[in-house]
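Chemist: Okay, sequence plus prediction incoming.
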Amino acid sequence: MKIVYTPNAPEPVGPYSQAIRAGSLLFLSGQIPINPMNGEIVEGDIAAQTEMVIKNLASVLKAAGATLADIAKTTVYMTNLGQFSQMNEVYNRYFKDHPPARATIEVSSLPKGVQVEIEAIAYIEENRER
């Protein structure tokens with residue numbers, strides 16, 4: 001297994017890695033809407049926060065030699081499923097042509113009081129750059 005790290009995504013705030021590559025699989029830890037350039041939570045609605053979360057996932061994927069198109073499964077955690085359509089509108093812009101399998105779960109709270117967190121599993125062919 002190999003730890004994946006990039007300064008272009010938020011620093012882990014605990015004992016976990018941004019991602020772990022195990023063979024052809026890349027397990028991405030949940031990303032929240034923290035701007036990695038200043039460490040601040042993105043203010044605004046669920047759409048703005050979802051946008052930052054997906055950009056953070058893309059940065060971690062890039063560090064592993066992958067793209068959003070390589071994601072096979074996501075889990076979306078939201079504090080209010082009543083905002084699903086706004087989150088889904090942003091999500092769809094990034095995954096329109098290659099929608100991964102997905103679960104969306106409402107939770108009572110998320111780290112730092114954010115509205116959305118997304119974790120993912122990607123598939124990367126073994127012979128692709130590590």
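Modeler: Here it is on my side, so go on. Numbering: from 1, shown residues only.

Chemist: Can you give me every residue that contacts the residue nearest the centre of the chain?
Modeler: Nearest to the geometric centre of the chain sits L57, at 3.7 Å (CA atoms, centre = their mean). For L57, the contact set (CB atoms under 8 Å, 6 or more residues apart in numbering) comprises 9, 28, 31, 68, 71, 118, 120. For glycine as for every other residue, the C-beta is placed from the backbone atoms N, C-alpha and C.

Chemist: one more time with 6 Å, if that's ok
Modeler: L57 sits next to 31, 120 when contact means CB atoms under 6 Å, 6 or more residues apart in numbering.

Chemist: how close does it get to N38?
Modeler: 19 Å (CB to CB, to the nearest Å).

Chemist: Same question for P10.
Modeler: Taken as CB to CB, the span from P10 to N38 is 10 Å.

Chemist: same deal with N8?
Modeler: The spacing between N8 and N38, counted by CB to CB, is 13 Å.

Chemist: Next, the buried residues of the lengthiest helix in the chain.
Modeler: When the chain is parsed with DSSP state H, its longest helix is helix 46-63. Going by neighbour count (16 or more other CB atoms under 10 Å), the buried part of helix 46-63 is 46-61, 63.

Chemist: got the CA positions of that helix in CSV?
Modeler: Extracted C-alpha coordinates of helix 46-63, given in CSV (Å, rounded to 0.1, in the frame of the first residue of the first chain):
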residue,chain,number,x,y,z
ILE,A,46,-24.3,23.7,-0.2
ALA,A,47,-23.5,24.3,-3.9
ALA,A,48,-20.3,26.3,-3.0
GLN,A,49,-19.3,23.8,-0.4
THR,A,50,-19.8,20.8,-2.8
GLU,A,51,-17.8,22.6,-5.5
MET,A,52,-14.8,22.9,-3.1
VAL,A,53,-15.2,19.3,-1.9
ILE,A,54,-15.0,17.9,-5.5
LYS,A,55,-12.0,20.1,-6.3
ASN,A,56,-10.2,18.7,-3.2
LEU,A,57,-11.0,15.1,-4.3
ALA,A,58,-9.7,16.0,-7.8
SER,A,59,-6.4,17.3,-6.3
VAL,A,60,-5.9,14.1,-4.3
LEU,A,61,-6.7,12.0,-7.4
LYS,A,62,-4.2,14.0,-9.5
ALA,A,63,-1.5,13.3,-6.9
